[in-house]
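Novice: Okay, predicted coordinates and the sequence, questions at the end:
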Amino acid sequence: MKVGKKRKEAEAKYDNTKSYTLLEACNILKQISTTKFEASVDIDVRLGVDPRQANQMVRGVASLPHGLGKVVRTLVLCTPDKEEEAKAAGADHVGLDDYIEKIAGGWTDIDIIIAVPSVMAKLGRLGKILGPRNLMPNPKSGTVTMEVGKAVTEVKAGKIDFKVDKTGIIHTSVGKVSFDADKLSENALELVQVLHRLKPSAAKGTYFRSIFMSSTMSPSVSIDVKSIPGI
């Protein structure tokens, strides 16, 4: 495959055979990002787990100290008595049956859905639409709750929901290239430390197999797992 000029220039600015600390990697990504728009910074963590086994599934939430640097579009599905609470917290969309029908028709122009427990039965038929997009509310991620105002505030401030995929990889964003490198590093560190705390007891051998960071359309940078504190 032909390598473009910009990618060659980016790869010349660091050693892609070497692993770096989180802070070093974030500094590199700021240097090699070439997009004309504000690129996201992503992290891919390959874990030593078998997601096919229920006792090795890794899923949870992390509150990134510096947020994601983007507007998180929220939909709150709730009963009428909770609507004002959701709106006061800054929810972008609030309602129930109208939005369920809208989603059934293919609308998914949102990042997070928060729901009160009593309405979850109505969401069952939307599983094929919401599931693949990781939009289905889940108690473990705090998106099925009676405290809808608190949940909206948290996701707007940088709370992310992650889940290991079928290949054993966690993939999520940790900020924007415009962030200071230390802030990107601290966001990534928070995620990795949360993953460390969530290590399943059934997982054997090396837990953190590899960690890579990249920005939108940039080459990836390998992270030295041993350099990460607290894991």
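Specialist: Thanks, I have the structure now.

Novice: Please compute how far the helix or strand of the chain with the lowest mean pLDDT lies from its chain's middle.
Specialist: Among the helices and strands of the chain, helix 5-11 carries the lowest confidence by mean pLDDT, DSSP states H and E, at a mean of 77. Here the centre of helix 5-11 is set off from its chain's centre by 27 Å, with Cα atoms, centre = their mean, to the nearest Å.

Novice: tell me the average confidence for the helix or strand that comes right after it?
Specialist: Using DSSP states H and E, the next helix or strand after helix 5-11 towards the C-terminus is strand 19-20. Computed over strand 19-20, the mean pLDDT rounds to 98.

Novice: How about stretch 182-198?
Specialist: Average pLDDT, stretch 182-198: 97.

Novice: just to revisit the earlier point, give me the buried stretch members for the least confident helix or strand of the chain, please.
Specialist: Ala10 (16 or more other Cβ atoms under 10 Å). Every C-beta, even on glycine, is put in place using the N, C-alpha and C of the backbone.

Novice: Convert the C-alpha atoms of it to PDB, please.
Specialist: Extracted as PDB, the C-alpha positions of helix 5-11 are listed here (Å, rounded to 0.1, in the frame of the first residue of the first chain):
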ATOM      1  CA  LYS A   5       3.700  12.200   1.900                       C
ATOM      2  CA  LYS A   6       2.100  13.500   5.100                       C
ATOM      3  CA  ARG A   7       2.100  10.100   6.700                       C
ATOM      4  CA  LYS A   8       5.800   9.700   5.900                       C
ATOM      5  CA  GLU A   9       6.600  13.100   7.400                       C
ATOM      6  CA  ALA A  10       4.600  12.200  10.500                       C
ATOM      7  CA  GLU A  11       6.400   8.800  10.900                       C
END
